[in-house]
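1. Below: sequence and its predicted model.
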Amino acid sequence: MIESYFDGGLLQLIGYRLLGSLLTVCTLGIAAPWAICLIYNWEIKHTVINGQRLYFDGTALGLFTHWIKWLLLTIITFGIYSFWLCIALKKWKTKHTHFI
């Protein structure tokens, strides 16, 4: 049986989350897609499933276009679309995650 595991470290996670949070706050949320991609890339490149390492090919620019669309949909629907944002983000993340 081939193992699945995660080989990232706690200090790296803290560093990436701190950097992402700082950038998001300093840019008033404009850099949030970049921070999200930074953290997703770190999480996914340290994940091995059935002996195969994963990689992430999503970009901040690609997520930013979706981010704007999701923001507009949330505004137009008076916040109702926000219930689907988590699912939309997971779909985007999954679409850009592949085996090496």
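-> Perfect, I can see it now.
2. Off-centre distance for the biggest strand by length in the chain?
-> In terms of residue count, the longest strand belonging to the chain (DSSP state E) is strand 52-56. In terms of C-alpha atoms, centre = their mean, to the nearest Å, the centre of strand 52-56 is found 14 Å from the chain centre.
3. Helix or strand next in line after that strand, which one?
-> Proceeding N to C from strand 52-56, the next assigned helix or strand is helix 60-76, under DSSP states H and E.
4. quick one on the thing from earlier: mind listing what the longest strand of the chain pairs with, with the direction of each?
-> strand 47-49 (antiparallel), strand 97-99 (antiparallel) (DSSP bridges).
5. List the buried residues in the first one.
-> Just to be clear, that refers to strand 47-49. 47-48 (16 or more other C-beta atoms under 10 Å). For the C-beta atoms, the positions are set from N, CA and C on the backbone; glycine is no exception.
6. same thing with the last one?
-> Of the residues in strand 97-99, those with enough neighbours to count as buried (16+ other C-beta under 10 Å) are residue 97.
7. circling back: which of the strands paired with strand 52-56 sits closest to residue 29?
-> Residue 29 lies closest, by C-beta to C-beta, to one member of the strands paired with strand 52-56: strand 97-99, at 24.2 Å.
8. How far off centre is the closest one?
-> Worked out by C-alpha atoms, centre = their mean, strand 97-99 lies 14 Å from the chain centre.
9. Numbering from 887 from now on, please.
-> Done: numbering now begins at 887, and the last item shifts to strand 983-985.
10. per-residue confidence averaged over it?
-> Strand 983-985 shows an average pLDDT of 95 in the prediction.
11. How much space separates the nearest residue to residue 978 once chain neighbours are set aside from residue 888?
-> Using C-beta to C-beta, 6 or more residues apart in numbering and skipping the chain neighbours, the partner closest in space to residue 978 is residue 952 (6.0 Å). Distance of residue 952 to residue 888, given as C-beta to C-beta, to the nearest Å: 34 Å.
12. out of the two, which sits in the busier spot?
-> Using other C-beta atoms under 10 Å, the more surrounded residue of residue 952 and residue 888 is residue 952, with 15 against 8.
13. gap between that one and residue 971?
-> Distance of residue 952 to residue 971, computed by C-beta to C-beta: 10 Å.
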